[in-house]
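Visitor: after the sequence you'll find the predicted model.
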Amino acid sequence: MTYNITDKGYYGEFGGAYIPEMLYPNVEELRQNYLKIMAEPSFKEEFDQLLKDYVGRPSPLYLAKRLSEKYNTKIYLKREDLNHTGAHKINNTIGQILMAQRLGKKRIIAETGAGQHGVATATVCALMGLECIVYMGEIDIARQAPNVARMKMLGATVVPALSGSRTLKDATNEAIRDWINNPVNTHYIIGSVVGPHPYPDMVARFQAVVSEEMQWQLQEKEGKTTPDYVIACVGGGSNAAGAFYHYLENTDVKLIAVEAAGKGIHTGESAATSALGKEGIIHGSKTLLMQTDDGQITEPYSISAGLDYPGVGPMHAHLYKTGRAEFISITDDQAMNAGLELSKLEGIIPAIESSHAFAILKEKNFKKDDVVVINLSGRGDKDLQNYIDYFKL
Ligand SMILES: *Cc1c(COP(=O)(O)O)cnc(C)c1O
């Protein structure tokens, strides 16, 4: 049994590339080249250099003393919140922009929901001087004005998606349509471990730097490369994929994936994909997704825009199905309170997505000598208004 991808692009029964024929040449070009390109010494050198000097890696592994004391266990935070642009997403966009350059692409497209991936993509396009078009649902454009302004300031064109619910999945459909129409000069930078093979694997490999660093950082601090638990929130699943990656095959390391239960799993307002999802195909990949009995995709809800996706990447569908990772859903209220607690106990205001992972501390009983690593996927600056409204600050 392997928990990683097979040669054919599957995690167990999930994954693959279920795409319209007109998209085949684009995806096939990427599939045939991505591993070769990533293995080139010059690629690795440039990727590592940019992660170090531009993103600010390695991100610290911080022993959270007061939080550990409160929950009577040993808690480390992997500080992805300290990366340039404030989250883990930049690890992937740096990797993909270098990939696009090696493939000779001059034009970059991306989809974005809350705007975090759009900002990370616009950032690397500015860095490399490439044209950048970001598709974003009309509703999201109105809700996420500061990120729209950031993208524009970075030189990107933000194109509203006007169809359907005018949110993330519609923006993704528009991006795919653009890619079909511009197959030769354009690379599509997908923002999570979702989409047709090879995207889930390529994005996981770019994010794997997170657990690669965790190994040597734990060796320094604990005298061993493995923790007892790794905990991460899951939207599409990229920060969790990065935090789990080098521990996937070592079952001594317990993995906990945290999904957004929104107002409660059974309220009809949630994004608890594994708990509620059924097998289906979304954006080119076979996975678990929230859908009605006749296969219509259900509109997800979470207070956190980054977890508000109706599907989950195929790696996570497999980790769920096999039981390799434990999946726990956390409500808006639990997450918000965990975010406030981390702020007060450690002086760190987390992104609301990451706050979901911290809420696990009240749900699970860890042992005193357990080493628990929580992936702090992003910082909370972008969520300040949400925190203000929620706590009447
Ligand atoms: C986008 C985002 C997420 C969710 O995406 P994943 O692909 O599941 O990691 C989580 N945390 C932050 C801070 C984000 O910006």
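Guide: Great, that's in hand.
Visitor: C-alpha only now, for contacts and for neighbours.
Guide: Will do.
Visitor: is the biggest strand by length in the chain positioned near the ligand?
Guide: Looking only at the chain and at elements set by DSSP state E, the strand with the highest residue count is strand 254-262. No: counting by Cα under 6 Å from any ligand atom, the ligand has no neighbours in strand 254-262; the shortest distance is 8.9 Å.
Visitor: can you list the residues of the stretch 51-200 of the chain near the ligand?
Guide: Within the stretch 51-200 of the chain, the positions near the ligand by Cα under 6 Å from any ligand atom are A87, Q116, S192.
Visitor: one more time with 8 Å
Guide: By the criterion of Cα under 8 Å from any ligand atom, the positions of the stretch 51-200 of the chain lying close to the ligand are D81, G86, A87, H88, K89, A114, Q116, H117, G191, S192, V193.
Visitor: from these, which is closest to K52?
Guide: Of all these, the one with the least separation from K52 (Cα to Cα) is H88, at 13.6 Å.
Visitor: of the residues of the stretch 51-200 of the chain next to the ligand, closest to L307?
Guide: Relative to L307, and with distances defined as Cα to Cα, the nearest of these is A114, at 9.6 Å.
Visitor: name the SS class of that closest one, please.
Guide: coil (DSSP: H, G, I helix; E, B strand; the rest coil).
Visitor: how far away is it from A142?
Guide: A114 sits 10 Å away from A142, taking Cα to Cα, to the nearest Å as the criterion.
Visitor: domain map for the chain?
Guide: Taking automatic domain parsing as the reference, the chain has its domains at 11-50+89-203, 57-87+208-391.
Visitor: would a markdown table of these with mean pLDDT be doable?
Guide: A markdown table is the format used below for the domains of the chain (pLDDT from 0 to 100):
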| stretch | mean pLDDT |
| --- | --- |
| domain 11-50+89-203 | 96 |
| domain 57-87+208-391 | 96 |
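Visitor: between the ones you listed, which gets nearest to T2?
Guide: Evaluated over the domains of the chain, closeness to T2 peaks at domain 57-87+208-391, with 6.7 Å, by Cα to Cα.
Visitor: what residues does the stretch 201-350 of the chain put near the ligand?
Guide: With the criterion set to Cα under 8 Å from any ligand atom, the stretch 201-350 of the chain comes near the ligand through 233-241, 305-307, 312, 350.
Visitor: of these, which belong to strands?
Guide: Within those, residues falling in strands by DSSP E are C233.
Visitor: out of the residues of the stretch 201-350 of the chain next to the ligand, which end up buried?
Guide: Those of those that meet the buried threshold are 233-241, 305-307, 312, 350, by 16 or more other Cα atoms under 10 Å.
Visitor: widest-spaced pair of these?
Guide: Based on Cα to Cα, the longest span within those runs between V312 and P350 and measures 22.1 Å.
Visitor: still on that earlier bit, now do the longest strand of the chain: everything it contacts.
Guide: Contacts made with strand 254-262 from outside it, assessed by Cα atoms under 8 Å, 6 or more residues apart in numbering, are listed as 228-235, 240, 244, 269-273, 301-303, 307-308, 324-332, 356-357, 360.
Visitor: cutoff 6 Å now
Guide: 228-234, 269-272, 301-302, 325-332, 357 (Cα atoms under 6 Å, 6 or more residues apart in numbering).
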